[in-house]
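Q: need a structure here:
(chains A and B)
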Amino acid sequence: MDEQGPVLETLTHRLAECPGEFLMPPRIGSEGTIHVDAVVADLIRYLGGSADKSLTAPFRASLNPDINANKAVSNWLSTVLVTCWLLHDSWFQTEARFSSLAYGFLSNGLQDIARIVASARFVNDQDRREELARLCLAQLGLRPSGESIAVAEDRLATLSSLGRHKVIQAARAAEARALAIREAMKKAAAEEAAAKYTRE
Amino acid sequence: MPLSENERYPLISQSGKKLLKALHEHPSAPLFNHHVGDRIDSSALKSIYAFQADVLTRTPRWAHDQYPEWVAPFVKYCEREVPFYRQRKQVLVSFADIPTTCRADFGQAPWLFVPDDQSIDDLIVYSTSGTTGHPVTILSLPIVSSMYVPLLRAALRTRGVEMMGGSGRVSIAQICCQKSTYTFAALSSVLGEAGNLKLNLNPSDWRMPDDRIRYFDAWAPEILTGDPISFQQLASLPCAHHPKALISTSMTLLPGLQIDLEKRFNCPILDLYSMNETGPIAVGLPGADSFYQLLQPRLFIEILTPSGDPCPVGVRGEITVTGGFNPLLPLLRYRTGDQATLVYPFDSTTPALASIEGRPVTLFRDTAGQVINNIDVTQLMRRFAIARFTLHQSTDGSLILRLSPHAIPENEIISALQSLFGADQRAVLGRIDTYEGKLIQYTSDIGLVPP
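A: Residues are numbered from 1 along each chain as shown, chains lettered A, B, ... in the order given. Sure, this is the predicted structure:
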């Protein structure tokens, strides 16, 4: 986040106007419409890089017998497509130095968030648009134009679906632990204790 | 569900079994009403011996305005693993910024004090008597009960007394004098399978009143633990056995009785400052200054003002503790409700407590003129789901029982009091309005003088 990037509103506005084609089902095996590997390859070239077939291989998925696994891959690829649309902003093209970092973000930086946020929400939900825009900038070492590093970090943490997910998971774990102890207390209360040596 | 003998004593030997049988089947044995073991396996025993080595060789040390080196990592551990401390989400700059805790915190949700990294497979639940105001549930493990033994040993060493233990004998007898209480004969693995008895001197717990004397003399316990009232009752019996020491807990031991008991039993009478939340904290040293030597190397003690500021050395305030040896109850700045001063009588890094004041004995009178110990009232009230209560007896013998909000019919509570004090006992009920703040639980205008 050392460097200032584009104005945030430009990016969130761009996401809000994401064409419907980018949300069509991604191609997985013989199903779906959009060939995500081709879209990624176009983007990398647009950003000044070169993309051969081996580079875009991670975005060519095969059908899995497990329906849930297919759904998860589909949402990740769909999130990649929305992010490709975002990175097609002319600011990134003009800079012509982000192809490598953008590729890293697309191939390794979206799996976790795609597990908990449906791709369409990065287009339809104001907070998720801002989250994706900020996440993308942070992955490229940038922060929104006109913001300090502290503000940018704080805002990203506030919006973070992953952070919120962790908090919810921790709360659930704490609840489960408390319940387990309360159950153990009931059981222990009906059982023998251990011999004591004094009384207080 | 009763445990099997092997579950009660995972390490029991043939000689241990023989002793246990003899303790139960002695012709003068009391009508034991409870079976319980120490539930100590070899791994737990190893941990207790390690704890014992620490307790017997390391004196609790810190200079005024400083903290022992283990405190900072302990605080971090609590904030990471203990839900109650973790959820407070405060930015702590120094130890003094840590909010204090109190008994009411346990009362509301004891499970929030159990660290996430601790197993609850062997959980034990103790409901404390609540003689200090809030009856609470303490979560514990079998190992915690046995860790009292090293601390008792450390206390005894201040008078040059060694508890030897060993198979075939009784090392500790807990003496009670109550209308009713659990009594048992058990073995102590940490004392080499020596016996550990809990005896109630109430004659109704024995086949013959003189069995109390015969059983006591036959098993000749090395050490007695108990409260001043129980010791006074024992002293009135013509027992021949002289134990190595008596350890008084649970109530304030007044010096007059201490001297009388020392003469009667011809051994030191130790006043142990101990509570369920922490175990033994300090033991009174002989001499007019009444210093209490600290016993636990990993229990840090502060003396705080009501607003939470540390008191200067020698200034009276509330005893507040951090640390402890119960893995299921790590304490961070826990306000005990007891008052004392922290002093440095030996050197500048060895603190001691002085002028401890708490848990006064209160005696009531029943309608037949007999004395009732406040512990019996506590036991009586335990059956009711009431968070707090106080009992006052007026000069005419009538009782005022004040209770925190509850849904129990008034006649049930009055009947319970009459079962203890007599059918003609007059009693009125009142209400405790505030949950916070420590109450003086038992008071009396009658002026029966505790021993």
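Q: And the helices in the chain, which stretches?
A: No chain was given, so I picked chain A. Assigned by DSSP state H, the helices in chain A fall at A:8-16, A:36-46, A:53-56, A:67-87, A:90-95, A:99-108, A:111-116, A:121-124, A:126-139, A:149-159, A:161-189.
Q: that's the other chain; I wanted chain B
A: Going by DSSP H, chain B shows helices at B:5-8, B:14-25, B:42-57, B:71-81, B:83-86, B:103-108, B:142-146, B:148-157, B:211-219, B:228-235, B:255-265, B:374-381, B:410-421.
Q: burial of residue 192, as a residue count?
A: Went with chain A since none was named. 19 (other CB atoms under 10 Å in any protein chain shown). Where C-beta positions appear, they are placed from N, C-alpha and C, glycine not excepted.
Q: that's the other chain; I wanted chain B
A: Around B:Gly192 there are 17 residues (other CB under 10 Å).
Q: which residues of chain A score low on pLDDT?
A: Filtered on pLDDT under 70, chain A yields no residues whatsoever.
Q: how much space between A:Asp125 and A:Thr12?
A: 11 Å (CB to CB, to the nearest Å).
Q: Please identify which of these two sits among more neighbours.
A: The neighbour comparison of A:Asp125 against A:Thr12 (other CB under 10 Å) goes to A:Thr12, with 21 against 16.
Q: so the more buried one makes contact with A:Glu131?
A: No: with contact defined as CB atoms under 8 Å, A:Thr12 does not reach A:Glu131; the gap is 9.7 Å.
Q: just the CA coordinates of stretch B:291-310, formatted as CSV?
A: Listed next in CSV are the C-alpha coordinates belonging to stretch B:291-310 (Å, rounded to 0.1, in the frame of the first residue of the first chain):
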residue,chain,number,x,y,z
PHE,B,291,2.9,-12.3,59.5
TYR,B,292,1.6,-14.8,56.9
GLN,B,293,4.2,-16.4,54.7
LEU,B,294,3.1,-16.8,51.1
LEU,B,295,3.1,-20.4,49.8
GLN,B,296,2.6,-20.4,46.1
PRO,B,297,5.5,-19.5,43.8
ARG,B,298,3.0,-18.7,41.0
LEU,B,299,0.5,-16.6,42.8
PHE,B,300,1.1,-12.8,42.6
ILE,B,301,-0.6,-10.7,45.3
GLU,B,302,-1.6,-7.1,45.2
ILE,B,303,-3.4,-5.0,47.8
LEU,B,304,-5.8,-2.7,46.2
THR,B,305,-7.9,0.2,47.2
PRO,B,306,-11.7,0.0,46.5
SER,B,307,-11.0,2.1,43.3
GLY,B,308,-8.4,-0.4,42.1
ASP,B,309,-5.2,1.5,42.9
PRO,B,310,-2.4,-0.4,44.5
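Q: Go through it and flag the buried ones.
A: B:291-304, B:308, B:310 (16 or more other CB atoms under 10 Å in any protein chain shown).
Q: so B:Ile356 touches B:Met275, yeah?
A: No: the criterion here is CB under 8 Å, and B:Ile356 misses it with B:Met275 at 11.3 Å.
Q: shared neighbours of those two, anything?
A: Here B:Ile356 and B:Met275 share the contacting residues B:Asp338, scored by CB atoms under 8 Å, 6 or more residues apart in numbering or on different chains.
Q: B:Ser348 contacts B:Arg61, doesn't it?
A: No: contact criterion CB under 8 Å: B:Ser348 and B:Arg61 do not qualify, at 9.8 Å.
Q: Comparing these two, which shows the higher neighbour count?
A: Under the neighbour definition other CB under 10 Å, B:Ser348 and B:Arg61 were set side by side, and B:Arg61 has more, 15 against 10.
Q: Which residue lies closest in space to that one, excluding its sequence neighbours?
A: Nearest in space to B:Arg61, with sequence neighbours left out and distances taken as CB to CB, 6 or more residues apart in numbering or on different chains, is B:Thr349 at 4.7 Å.
Q: Can you give me every residue that contacts the one you found?
A: So, once contact is read as CB under 8 Å, 6+ apart, B:Thr349 ends up touching B:Arg61, B:Trp62, B:Ala63.
Q: what does A:Lys187 give?
A: Shown in contact with A:Lys187 (CB under 8 Å, 6+ apart): B:Leu123.
Q: So what's the residue count around B:Val136?
A: Neighbours of B:Val136 (other CB under 10 Å): 21.
Q: pretty sure it is touching B:Ala109, no?
A: No: counting by CB under 8 Å, B:Val136 stays clear of B:Ala109, with 10.8 Å between them.
Q: All set, thanks.
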